[in-house]
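Undergrad: Quick one: sequence and predicted model below, then my questions.
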Amino acid sequence: MLRVFKDIKEANLEAKKILEEARIQAQKIYQDSEKKSSEIYELTYKKILMKAEKEAKELKIKKEKETEKELEKIKIAAEKTAKAIEIKSQKNFEKAVKYGINTIRGGI
């Protein structure tokens, strides 16, 4: 009978040992999964950030090109306006000179 109690006690100790090893293994698995989850989160975050930076850079380049085109249009329009003003000024100057000459001739 003593042998039976001893076997039960040993089996009980072995069961406790197995349970403790299982608990340690489960804890290790949990910690590993937390670490991997954190790594996946960080990797995903970096990928999203890199994608956003790339899109922002592409958008900046696109907007710079659009701005350059718009500025070129404005420059061309300004040059046309300046040329038109110059032509009108020249005509007005010529009219003023003719008027002055005619006034002087008429006054003499």
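TA: That came through fine.

Undergrad: Quick check: which ranges of this structure have low pLDDT?
TA: 107-108 (pLDDT under 70).

Undergrad: Helices of that one, start to end?
TA: 2-107 (DSSP state H).

Undergrad: how close does Gln31 get to Lys47?
TA: Remark: distance between Gln31 and Lys47 (Cβ to Cβ, to the nearest Å) = 25 Å. For every residue, glycine as well, the C-beta is placed using N, CA and C.

Undergrad: my bad, should have said Glu14
TA: Using Cβ to Cβ, we find Glu14 at a distance of 48 Å from Lys47.

Undergrad: Same check on Ala96?
TA: Distance from Ala96 to Lys47, by Cβ to Cβ: 72 Å.
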